[in-house]
Each structure stands twice: as C-alpha cells, then as structure tokens.
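# predicted model and sequence follow; I will ask about them next.
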Amino acid sequence: MITQAHLGWQSLSPDVESLVLLLKDAGIPTKEQSKIQGPVKVVMIESVFWGKAAAVAADNRVRWCAVWAEHRPPEIDIFAAMAGRNGHLLLHTLVPDQQGELPSQTPFFPAANRPERYLRDMFGVHFFDHPDQRRWMRHQAWQEGQYPLLKTFPLAGTPAEMTPPDCHYPFLAVEGEGVYEIPVGPVHAGIIEPGHFRFQAMGEDILSLEEHLGYVHKGIEKSAEGRDVRGLVRLAGRVSGDSTVAHAWAACQACEAAVGITLPRRALMIRGILAERERIANHLGDIGACCNDVGFTFAQVQCSRLRELWQRQNAAVFGHRLLMDIVVPGGVKGDLDAVQLDFLHAAIEQLRSELREFLPLLYEYPSLQDRLRTTGVLSLKKARSLGVLGFLARASGECWDLRRDAPYVPYGNMVITVPHSLEGDASGRLRIRGDEILVSLDLLEEMLKKLPAGEVAMEFPAVQGDCSGFGCIEGWRGEILAYVHLGEGGRVLRYFPRDPSWLNWPALEVMIEGVIVPDFPLCNKSVNGSYSGHDL
Amino acid sequence: MFSVLGRIFKTGCLTEKLPAHDQVVEQLGSVCRKEISRIFGGSLAIRMVDAGSCNGCELEMHALNNSFYDIERFGIHFVASPRHADLLLVTGPVARHMQAALKGTYDATPDPKLVIAMGDCAADGGEFGVSYASCGAVANVVPVDVVIRGCPPNPLQLLEGILQLLGRSGR
C-alpha cells in the first residue's frame, strides 16, 4: 500500500555535495573538475569505477538522467548525469577511442539500458556487464563497426542508394499455445510519428510489448557539429517540434553558461512565458487526444478548440504558432508591449474560466473514467527504477520538477506547485496534465505581472578558445538536458540534447503488460513520448 | 451527461461564427471541394507519412481537423492505410531508416496517386539536409507533385497547397 509518506522521494535523496562525499566514502577516487559551466557539478573518476559509482548512487536514491560521450582523439570522454535533491552531478571519465570499454551502469539503473546501447552504436564504446548486447539506434543505414559520432566518421557517411528495411532486429519472442505476435509500424494508422511496436498477445491481453525505435534518426548530433551558436539553437528547436521552446532554451542555457554571460531578467522571464505557453498547448492537445482514443470525441473537440485559440495567440503575439525560433542565443526575439501584455492576460483569464468548468467534467465523467482508471498502471516502484520524468512520473507519485528543485531564472522566486497522484494510471496522468495547466496559468499570470523592464536580448559574445556548458530546463514532458562544447570561432564541437522521452519510452513497455490490445493507443498517448526527441 | 450537453450547447457551432481569418478557410475549402468532386468523386483520402520530421508538421496537420478548419466538410479526410489513399502527405527529411518504409507506403498506394511534400525539411532537407542518416528532400526518394513550404506550414498554407495540387491535376 502506497501512502503519502512514500512521496517526496526526491527530498530524501542527497544533495549534490553529499553525493560526492558518498562516492569518496565508498573508496572511489574523485577529482573535481570545472571545465563545464552551468548549474552542475562535475567529478572525474577512473573508468573502472563507473559501475561502482552507479551502485553507490542507486543505493542513495539518486535519479539517473543521461549518459553521453564526446570524441577527442585519441580518447572518448564519457559523461553520466545524476540528479540529487538540488541539481545534477556529472560523472566524467575517459576511455581510449579504440576498443574503449567500461563497466555498465544498467545493472544499477535500468534507465541506462538504451542510452548505453546508443553509445555503443554511435561511438563503439563497449559497456561490459550490460544485460542487453543488441544494437539500439543502428538499423541498416550504416554498417556494424562504423560509428557515426566519431570525429573520423564524415557527416555524409557512405550510405547505399537504397537503405534496406531493418527486418531482422532480434525481438524477444513469447512461446506457448494461443500466443500470437502483432507487428505495428513503423508507419502507424494515425497522424503520428514512426516507430515499431512488437506485441506478444493472447486473446485480447497483451503479454508483452517491445519497442523498436530509431526510425527518425536524422543525425541531429552530428549535423550540429561545425555550426555557429545561432544555427545550433535553430537545430535544437527542431529536436522535437512539440518542445521547441524547451530544447532551444536548454541549448541556449548551455551556450550562455559556456561563455559566461548573464542574460537580462526580462529576456529570461519571456522565455519562461514561452515555456509555460508551450506546456499548456501540449497538455491541451494531448488531453483531447487521450479522450479521443477511447471514443470520447467531445473532449477532443473542446481541447483542440482551446489549443487552436492558444496557438493563434502565439502567432499574433510571438509570430509563430508553435513558438519556433523565438528563443535565440542571448535572449529572445522580440519584446512584449503593453497591448500584448493585456492580450496575454486576457487569454489566461479566458482559458482558466473555461477549464474550471471543463476539467472537473472530464475528471468525473463516468463512462470516460471507466476506460481511463486502472488502465496502463505504472507503479511508483517502477517509475522510480526507470527514472521517468514529467507528468508521467508525477502521476505515479514521483515529484521531480526542476523549476522547484533546482530553479533557474525566472522560477527562483516563485512558488511552484507540483501536482501529483498515486494512481499511476491513464486517468491519473490525464488529471495531472489538467492540473498542470492550471498551475502554469498562475505562473504565467505572475510572470506577466512581474515582467521586469530592460532588454530582451544581448549580443552573444565572440567565443575565445575552448568552452563547454550544461543546460537543464523543465519542459512540458519533463527534464531536458543539453551539453554544448564550443571551439575556436564559436563553432560547435559537440551538442548533446537529452529529451525526456529517452526515459519515458521504456515505461510504456512496463505499463502495457496485461492491458488489452484496444487500450494500447490510449496508453501510448497518455505517455506521449517523442519519437524525434528520442531518435535524434 | 447534462454537463456535457450543456457544454456542447454553450460552445455552439464554431464554423458558423467565422471570424474574418476563417473566411479564407471557407473560400479555399469550397474551391477544394469542387475540384475534389470533379476529380475524386467527392472525397479525397490522405495518408500521412512522417518520414523523419521533428513532429511540428504533425501538430499542424492535426489542427486541420479542429472545429475551425474542419477539413472533412470539404471532402478531405485522413485514412489509416495507404491502400485507401489518393494522396500521400509526407513530412520530414527522409531519414535513411525510413527510406524503405516510405517507398513501401508509396508502392502500396493505388494509382493514380498524388504526393505532397509538407514543410521545409520535406522540400529540401531543411535544417537536417543530406547526411549519413538523412536522404534530405522527399523528392529524393519518391516522386513529388507539390511542395508546401513552411516550418511548419500553418493549416491555411496546407489547405492552399492541397488546392494548388488539385488545380494542377485537374488540368
């Protein structure tokens, strides 16, 4: 039985400083390193301690966030991000770029499974003790033994005229009388992104689901290399189109930290306004879509109407319906005048009054809730072990929110309410998203009222030498991380964006066990991982 | 039940109270409808294929179905299978991992068929260009009839593009 007392796990996890001490106490030699600027602490460890460090972190309720690498011949830098109570710790180690190997962190953090396989596919780094030796991102566009993110691999690659379909990925099979397999995708029936789902089912019940993603891998990280900062942020805004503000902001934050500039508060406040508007637009759209997946079209019509109005306001005030390219290095494109502020205020009032009537109706409507409740349950325990993020985590009782836990301007002086529930089902996720809209409306109102005077952008300075930075932003889907390394002339040497979908996709496999096949679209939509943000 | 009915009643029919902006939709749509009834016997079935987009284009495609645009009233609807489709609406640069799937979808669509490349990426590779992982423009993989520019194109631009294509194939 889960009670309120089980909540607040993140408040029990160590702060970043204590985590470093814990690593030292466990006999891991650590060396502090300050080359990466931004809201993060970096410690260097020997690669042989990579697994042990994860074991210590896992024993201390630390959340695993990401692993990424950078090729600096003849070595590969490996970074792993972990979150403590008040922010992020980066573990840093080095392995040689030929036959580099290190212990896996997956035995301690299942969340590391796919990201480590991704590194193996892209850099040729071998993680021993990894429980799954199958490839992850590599389909047939490049050969085994070729590693696209090594500096020796050209951007153009050596692709065949026609890349063959990836027909022989070794899916896990279930055997037994009456068991059958349903392959779905990569092209799906609805207006959604491509990916492959392999179901093992018996009757209507799903025994297991295995995801095979990577279909929209378009080489984002590789094509970032050599760009200037402006070009990088434009690309970051297209890592996942639905999170354009959050990804662009995270990339900007990393670049701005790298060169050590502090932005005018007005610029950051407007970024906050954009991010909350993005959150609301996506929550509105997805609440409607979830209801539509169980045939409750009334909600779909209402939500898509509210979303359209919201997007039109975006176009009227900011010049883009999805807010693309408004966040730029050094600030934001365009200021807000008094008339626009009034307009945005009125929009908040309007939406809030509509939702106060509409949301309770959804939360209590019996035939809708009959489908949503107890469907696609993600237990608190599973949510924790997978390190899931955003509303998906909060609906299962995990309440991480960077805006509150490791606040950045403009959230530092604001009271951030983090809605959460314990059900972990589709109904809970829908309710959390509805409640998050109401919280965002309050935040928007506060930001519009407190919008400080000043500039909305500053010149991004010329980059002197080598510098790198780290950014972390709470997007609507959850925590977004970005690492940027700039070289001579401000050219990008390495860009790594970590979309929350990396951690949320595996949760779908877990919650789907025992669910009936017709409820899969609902479960999928209620998680709504980004294919593009994951496949990069 | 009464709360839902009350809400529906209060919302009313949005397509009746068209602001100036939406008159364009109406005009475009009715021209489209004429062309569709002339060429496709009353209905145009679209199969969308995301061949590698960032999902921005998909969001705007969804918007075409909301009450403001409601493209079904012009006889245009999205279908679940290429075998039911008259038109493929393709987004994204074509990721090499999607090249075979896009080609397969194209081959599965019965003739005569039309292809629209939606968005800057579909037009010329956009931000992603051609690389080890991306084939770039949709036209590099399947024949394209019309390109709709924009990042992403808004619903009105989408309707305009569809109309342009219908006008052309009508000739």
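Yep, it's here.
# list the buried residues in whichever strand or helix holds residue A:494.
Assigned by DSSP states H and E, residue A:494 belongs to strand A:492-498. The neighbour-count check on strand A:492-498 (16 or more other C-beta atoms under 10 Å in any protein chain shown) flags A:492-498 as buried. Backbone N, C-alpha and C define where each C-beta goes, glycine included.
# export those residues to JSON lines and tack on pLDDT and distance to residue A:513?
Output for the buried residues of strand A:492-498, formatted as JSON lines (pLDDT from 0 to 100; distance: C-beta to C-beta, whole Å):
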{"residue": "A:492", "pLDDT": "96", "distance to residue A:513": "42"}
{"residue": "A:493", "pLDDT": "96", "distance to residue A:513": "43"}
{"residue": "A:494", "pLDDT": "97", "distance to residue A:513": "38"}
{"residue": "A:495", "pLDDT": "97", "distance to residue A:513": "36"}
{"residue": "A:496", "pLDDT": "98", "distance to residue A:513": "32"}
{"residue": "A:497", "pLDDT": "98", "distance to residue A:513": "30"}
{"residue": "A:498", "pLDDT": "97", "distance to residue A:513": "27"}
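# tell me the one among those residues nearest to chain B.
Of all the buried residues of strand A:492-498, chain B sits closest to residue A:497, with 11.8 Å by C-beta to the nearest C-beta.
# which residue packs closest to residue A:140, ignoring adjacent ones?
residue A:164 (4.8 Å; C-beta to C-beta, 6 or more residues apart in numbering or on different chains).
# where does the one you found fall, helix, sheet strand or coil?
Here residue A:164 is recorded as coil under DSSP: H, G, I helix; E, B strand; the rest coil.
# which bits of the stretch 151-300 of chain A sit near chain B?
Residues of the stretch 151-300 of chain A lying near chain B by C-beta under 8 Å from any C-beta of the partner chain: A:153-159, A:162-166, A:186-187, A:189-194, A:214-220, A:222-223, A:234-235, A:238-242, A:244, A:285, A:298.
# residue in the stretch 251-400 of chain A nearest to chain B?
residue A:304 (3.9 Å).
# and that residue, how many residues sit next to it?
Using other C-beta atoms under 10 Å in any protein chain shown, residue A:304 has 22 neighbouring residues.
# quick check: nearest residue in space to it, chain neighbours excluded?
Using C-beta to C-beta, 6+ apart, the nearest residue to residue A:304 is residue B:66, at 3.9 Å.
# make sure the one you found is indeed in a helix.
No: using three-state DSSP, the secondary structure at residue B:66 is coil, not a helix.
# circling back to that earlier point, could the buried residues of strand A:492-498 go into CSV alongside distance to residue A:322?
Below are these laid out as CSV (distance: C-beta to C-beta, whole Å):
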residue, distance to residue A:322
A:492, 24
A:493, 29
A:494, 27
A:495, 21
A:496, 23
A:497, 17
A:498, 21
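# where does chain B dip in pLDDT?
Along chain B, the model assigns pLDDT under 70 to residues B:14-22, B:169-171.
# report the longest helix in it, please.
In chain B, ranked by residue count with DSSP state H as the criterion, the top helix is helix B:20-40.
# mind checking which helix or strand the residue nearest to the spatial centre of chain B is in?
With distances taken as C-alpha atoms, centre = their mean, residue B:89 lies nearest the centre of chain B, 5.0 Å away. According to DSSP H and E, residue B:89 maps onto strand B:87-91.
# repeat that for residue A:222.
helix A:220-224.
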